[in-house]
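1. Okay, sequence plus prediction incoming.
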There are 2 protein chains.
Amino acid sequence: MNEGPDIAQIGALIGDPARANMLTALMGGKALTATELAAAGGITVQTASTHLAKLEAGNLLAQRKQGRHRYFTFADDSVGKFLESIMGFAAGRGHLRHKPGPKEPALRKARICYDHLAGDYGVRMLDSLIARGAIDAIGEGLALTENGENELKRIGIDVHALKSSRRPLCRSCLDWSERRAHLAGSLGKALLSNFLETGWARRTAESRSVIFSPEGERQFLALFPATK
Amino acid sequence: MNEGPDIAQIGALIGDPARANMLTALMGGKALTATELAAAGGITVQTASTHLAKLEAGNLLAQRKQGRHRYFTFADDSVGKFLESIMGFAAGRGHLRHKPGPKEPALRKARICYDHLAGDYGVRMLDSLIARGAIDAIGEGLALTENGENELKRIGIDVHALKSSRRPLCRSCLDWSERRAHLAGSLGKALLSNFLETGWARRTAESRSVIFSPEGERQFLALFPATK
DNA sequence: ACGATGCTTCGGTTAAGATCGAAGTATGAA
DNA sequence: TTCATACTTCGATCTTAACCGAAGCATCGT
């Protein structure tokens, strides 16, 4: 015993339902205030405050003061990535919530995974990009091809700018609902931003689901045809 | 709230120190009895029994009766993979144990990560394989080259047999001590087995560390030279 | 300056669950 | 059959921490 990193600590941090709900709410990618997170966790602000202090002490969250509000976000990208991987693990093991609820279908169709598109549409997009040779998939790794770089430029994505960032361009992220990979990394983020900016899709206020407009959906499906 | 998989459940399962220690002990790859796991967790057998029942109900562990013993192992490969990823996450966040203990250096040098080699030597091996063009690394993905396939056959690894298995041949696994990738997948497993069978190395009884013999170490270092 | 809002800290209650002793079940050995 | 070993179940205790009311800071608007 007494070997290696202390996984019990982070396990305990995630293991409380209220904290888990607050973390899940942050998967939407938006910075949220303590009050908003309290609502997400179904608890009072006092209780939320102590939870948030613990999450911050555990380096899972960071806060940014702005006026009398305190905005909480993940301490860094790896937290969101890690949480999504837990969700995949949990879903694969049948650890689903008791009541699926009416929102589930929308979540499965398209949702925000911290900063990129996940769900059925996210998986479809990556599959389609691979099928047309825009992205090479080797094992779990993804690489943008020259061909793909040109295609994305045509859509209006400045691949060159993305490449200069420290963050990896393409990363695969395991989808809890589809149990297949979707596109993460700075390119995945850029694509989602693009959809939101052009009005093809919008995020909902209280949920992580992404709603496509009729026109946006048509364009999206045409741009990323089903594979086979 | 009430969205998606229930991450709180598995968080809680991992969040108890006794359970975390038992799970960590199983990272050694060997099936362990309830009594052994109780010792690893620092608790009595009664308590361990209830913990093990919970872990089994949560589909993290599976048990195999054999005479009057009950051997516990991970329910499947994904559990070990997942736990190592938590360790990487925890280590990156400074969640290390309070007292490093005397075993730590050995653990950092070479240890078993469920079924393959991790630690300094594990990272060195993968780096070396990539440097000589035996393995292609694209993003987080790894692929064995034709060149590499021939080299491994020379060492005595039946790559063809490995390819026929359902499990991916090469996978990268993030190392909590080195914070870099090492080789997992069926190839990683085969390489470790090879080292153990040829007597280059042996596993210790109570720890996850892997001890190289003087001769084995010489051979290993020659076979996988440091990159730069 | 004053009140309103957002959040944190303190104190006391309560509920969950980790723990172990003791008793019960199953398997193996003598 | 009888005893020993391996493990589980039961029952009771006890620690931990989640929770909220109340009070205390800090910041903004007026």
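-> Received it, and whenever you're ready, just let me know what you need.

2. When you work out contacts or count neighbours from here on, use the C-alpha atoms and nothing else.
-> Will do.

3. Identify the bridge partners of the residue most central in space within chain A.
-> Most central in chain A under CA atoms, centre = their mean is residue A:113, positioned 1.3 Å from the mean C-alpha point. With DSSP bridges as the criterion, residue A:113 is bridged to residue A:116.

4. Would you agree it is in contact with residue A:26?
-> No - Residue A:113 is beyond contact range of residue A:26, at 9.6 Å (criterion: CA atoms under 8 Å).

5. Pop the domain breakdown of chain A in here.
-> A:7-75, A:80-223 (automatic domain parsing).

6. Let me see the ranges of the strands in chain A.
-> Per DSSP state E, chain A carries strands over the ranges A:32-33, A:61-66, A:69-74, A:111-113, A:116-118, A:135-138, A:141-144, A:171-174, A:181-184, A:201-203, A:210-212.

7. just so I know, which of the domains of chain A lies nearest residue B:172?
-> domain A:80-223 (8.4 Å; CA to CA).

8. ok, and what's touching the helix or strand bottoming out on mean pLDDT in chain A?
-> Lowest by mean pLDDT, DSSP states H and E among the helices and strands of chain A is helix A:104-109, with a mean of 87. For helix A:104-109, contacts defined as CA atoms under 8 Å, 6 or more residues apart in numbering or on different chains pick out A:119-121, A:177-178, A:208-211, B:3-4.

9. Give me the residue ranges of chain A where confidence is low.
-> Flagging of chain A using pLDDT under 70 yields the residue ranges A:1-3, A:95-103.

10. Would you point out which residue of it is nearest DNA strand D?
-> Per CA to the nearest atom of the strand, residue A:67 is where chain A lies closest to DNA strand D, at 3.0 Å.

11. Backbone dihedrals for that residue, please?
-> With angles defined as degrees, to the nearest 10, residue A:67 sits at phi 60, psi -130.

12. quick one: it from residue A:33, how far?
-> Separation of residue A:67 from residue A:33 (CA to CA, to the nearest Å) stands at 12 Å.

13. Between these two, tell me which one has more neighbours.
-> Using other CA atoms under 10 Å in any protein chain shown as the criterion, residue A:67 and residue A:33 rank with residue A:33 on top: 18 against 6.

14. so the more buried one sits right up against residue A:69, yeah?
-> Yes - at 6.4 Å, residue A:33 counts as touching residue A:69 under the criterion of CA under 8 Å.

15. Spell out which parts of chain A neighbour DNA strand C.
-> For chain A, the contact set with DNA strand C under CA under 7 Å from any atom of the strand comprises A:33-36, A:45-50, A:52-53, A:68-71.

16. and those residues, which two are the farthest apart?
-> Spatially, the most separated pair among the residues of chain A next to DNA strand C is A:47 and A:68, at 18.5 Å (CA to CA).

17. For the two, indicate the residue with more neighbours.
-> residue A:47 (13 against 7).

18. number of nearby residues for the closest residue to the more buried one other than its chain neighbours?
-> Leaving aside its chain neighbours, residue A:47 sits nearest to residue A:38 (7.8 Å; criterion: CA to CA, 6 or more residues apart in numbering or on different chains). Residues near residue A:38, counting by other CA under 10 Å, number 23.

19. Would you quantify the distance from residue A:38 to residue A:221?
-> On the measure of CA to CA, residue A:38 and residue A:221 end up 37 Å apart.

20. Out of the residues of chain A next to DNA strand C, the closest to chain B would be?
-> Chain B lies nearest to residue A:36 out of those, by CA to the nearest CA, at 11.3 Å.

21. check contacts around the closest one.
-> Applying CA under 8 Å, 6+ apart, no residues qualify as near residue A:36.

22. Distance from the chain centre to the helix ranked longest in chain A, please.
-> Scanning chain A for the longest helix, with DSSP state H as the assignment, gives helix A:77-92. Distance, stretch centre to chain centre, for helix A:77-92: 9 Å (CA atoms, centre = their mean, to the nearest Å).

23. With just CA atoms, put it into PDB.
-> The C-alpha coordinates for helix A:77-92 follow below in PDB (Å, rounded to 0.1, in the frame of the first residue of the first chain):
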ATOM      1  CA  ASP A  77      -8.600  21.700 -20.200                       C
ATOM      2  CA  SER A  78      -7.500  18.400 -18.700                       C
ATOM      3  CA  VAL A  79     -10.300  18.500 -16.200                       C
ATOM      4  CA  GLY A  80     -13.100  18.600 -18.800                       C
ATOM      5  CA  LYS A  81     -11.300  15.900 -20.800                       C
ATOM      6  CA  PHE A  82     -11.000  13.800 -17.700                       C
ATOM      7  CA  LEU A  83     -14.600  14.200 -16.700                       C
ATOM      8  CA  GLU A  84     -15.800  13.200 -20.100                       C
ATOM      9  CA  SER A  85     -13.700  10.100 -19.900                       C
ATOM     10  CA  ILE A  86     -15.300   9.200 -16.500                       C
ATOM     11  CA  MET A  87     -18.700   9.600 -18.100                       C
ATOM     12  CA  GLY A  88     -17.700   7.200 -20.900                       C
ATOM     13  CA  PHE A  89     -16.500   4.800 -18.300                       C
ATOM     14  CA  ALA A  90     -19.600   5.200 -16.200                       C
ATOM     15  CA  ALA A  91     -22.000   4.800 -19.100                       C
ATOM     16  CA  GLY A  92     -20.200   1.700 -20.300                       C
END
